[in-house]
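[1] The following comprises the amino acid sequence and a computationally predicted model.
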Amino acid sequence: MMRAIWNGVVIAETPRTRVVEGNHYFPPESLRREHFTESRTRSLCPWKGVARYYDVTADGLTNPDAAWYYPHPVFLARRIGNHVAFWHGVAIEGTQEQA
């Protein structure tokens, strides 16, 4: 099972992630939504498209823009559409389960 953990709290959990450029992308249904708030931040990746961000809140603390996703990825990145990746101190732990 793969887990995203921040501030001692599991914020996402799934048997399998999609790994792109060393980042684990969690399916949207694996998020514990109570920890996520839409951010106004956007960025552009030349081959994936426009990324949107979430602020992550756990145990009373907020980690701004700690998660990102591509709601409308370009064709080459379509397999990670709406999947969420993490940074800014969010730990990714666990082992991928066999498909």
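    Here it is on my side, so go on. Residues are numbered from 1 along each chain as shown.

[2] burial count for W68?
    22 (other Cβ atoms under 10 Å). C-beta here means a position set from N, CA and C on the backbone, and glycine is covered the same way.

[3] List the beta-bridge partners for it.
    Y53, A85 (DSSP bridges).

[4] Contact partners for it?
    S43, A51, R52, Y53, Y54, V84, A85, W87 (Cβ atoms under 8 Å, 6 or more residues apart in numbering).

[5] List phi and psi for S30.
    Dihedral pair for S30: phi -90, psi -10, per degrees, to the nearest 10.

[6] For the residue lying closest to it once chain neighbours are set aside, grab the count of nearby residues.
    Nearest residue to S30, sequence neighbours excluded (Cβ to Cβ, 6 or more residues apart in numbering): T14, at 3.7 Å. Neighbour count of T14, defined by other Cβ under 10 Å: 21.

[7] For D55, see how far away T14 is.
    21 Å (Cβ to Cβ, to the nearest Å).
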